[in-house]
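Undergrad: Would you be able to build a 3D model of this:
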Amino acid sequence: MELLFLGTSAGTPTRQRNLSALALQEGRDWWLVDCGEATQHQLLRTPLSLQHLQALFITHVHGDHCYGLPGLLASAGMQGRQHPLPIIAPEPIRHWLQASLALTGLQLPFELHFQAVEALAPWQDLYWQVQPVALSHRVPSFAYSFTERFPNVRLDLARLQRDGIPRGPLWGQLYRGLDPEYAGRRLHSLDYRHPARRIVVAGDNDQPGLLADICQQARVLVHEATYTEAVAARTGSRGHSTAATVARFAEAIRLPALLLTHFSPRYRHPPARYCLEDLRLEAIRHY
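TA: A predicted model of the protein is given here:
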């Protein structure tokens, strides 16, 4: 599994950074979370094909997360896509898309299978089970957790050795999901097999704690860090998180990996007054 950031800027693009879009890639297949303006331009710099896009998820209705959607769909049609495309998004996105397609006369050669995230039970395809979580923002915003449905089974070798379980047939039985007896006690395979991989991708959110439950057993959290604390104190966070806020949350729940994104366009490369490095340094002071 690879995570490919197609845009990391908040609100407006910069010369170096496009607007929010993240591809989760497994072989040729990929899934897209958010589709800021010019996402299809960014795809031209990658090996990703719109023919192999499996599903599209929108976290909320703000334009820096969805304005690229009509153009991407039009390009997919012009490139000959025929099979349906699932879109999981807030209900207003459905009405906006319908109006956009109607007003521009766009006839797509493939079906859009739209599902409103507000009423979504866990969604799944052949690879992922996806669960939404409501966040805190100026408009309804959501996170999506992606959990493998059929993970490659891997034994927790360190725990097996720590518990004195001898290598051999017992390991094979635990690997196959059986619960054998050993030394007068029942061994449970779930205790010795690594859980399915889980990745959580959050939309805009000023309360990372809302993700505490869904981040249990998560390998990675992708979360916005629009400002440093100093900038937020002066300008107001307006429904966004600082690097420190997210980092403190990740440290508190012992998250294995934290990836920050959605940085205010004021953050650039040196010798700019506000540097991207400021966000990283603030985060690592707490995580």
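Undergrad: okay, CA-based contacts and neighbour counts for the rest of this
TA: Fine.
Undergrad: Who are the contact partners of Ala23?
TA: By CA atoms under 8 Å, 6 or more residues apart in numbering, the residues touching Ala23 are 3-6, 30-33.
Undergrad: no, scratch that, I was asking about Trp31
TA: Here Trp31 is in contact with 23-25, 53-57 (CA under 8 Å, 6+ apart).
Undergrad: Looking at these, which are in strands?
TA: 23-25, 53-57 (DSSP state E).
Undergrad: now the helix or strand hosting Tyr144 and strand 53-57, what's the angle there?
TA: In this assignment (DSSP states H and E), Tyr144 forms part of strand 142-148. With axes from the mean of the first three to the mean of the last three CA atoms, to 10 degrees as the basis, strand 142-148 and strand 53-57 are set at 150 degrees to each other.
Undergrad: Given strand 142-148, what are its sheet partners and their directions?
TA: Under the criterion DSSP bridges, strand 142-148 sits next to strand 128-134 (antiparallel), strand 198-202 (antiparallel) in its sheet.
Undergrad: Burial-wise, tell me which of those comes out on top.
TA: strand 198-202 (a mean of 22; mean count of other CA atoms under 10 Å).
Undergrad: could I get it in PDB with only the CA atoms?
TA: The C-alpha coordinates for strand 198-202 follow below in PDB (Å, rounded to 0.1, in the frame of the first residue of the first chain):
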ATOM      1  CA  ARG A 198      -6.000   0.300   9.000                       C
ATOM      2  CA  ILE A 199      -5.400   3.800   7.600                       C
ATOM      3  CA  VAL A 200      -7.500   6.800   8.800                       C
ATOM      4  CA  VAL A 201      -7.700   9.800   6.500                       C
ATOM      5  CA  ALA A 202      -9.400  12.800   8.100                       C
END
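Undergrad: Give the next helix or strand downstream of it.
TA: Using DSSP H and E, the helix or strand that follows strand 198-202 towards the C-terminus is strand 220-224.
Undergrad: quick one: strands adjacent to that following strand?
TA: strand 198-202 (parallel), strand 257-261 (parallel).
Undergrad: any chance of the strands paired with strand 142-148 in JSON lines, with distance to Gly209 and mean pLDDT too?
TA: Listed next are the strands paired with strand 142-148 as JSON lines, based on distance: least, CA to CA, whole Å; pLDDT from 0 to 100:
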{"stretch": "strand 128-134", "distance to Gly209": "11", "mean pLDDT": "97"}
{"stretch": "strand 198-202", "distance to Gly209": "12", "mean pLDDT": "97"}
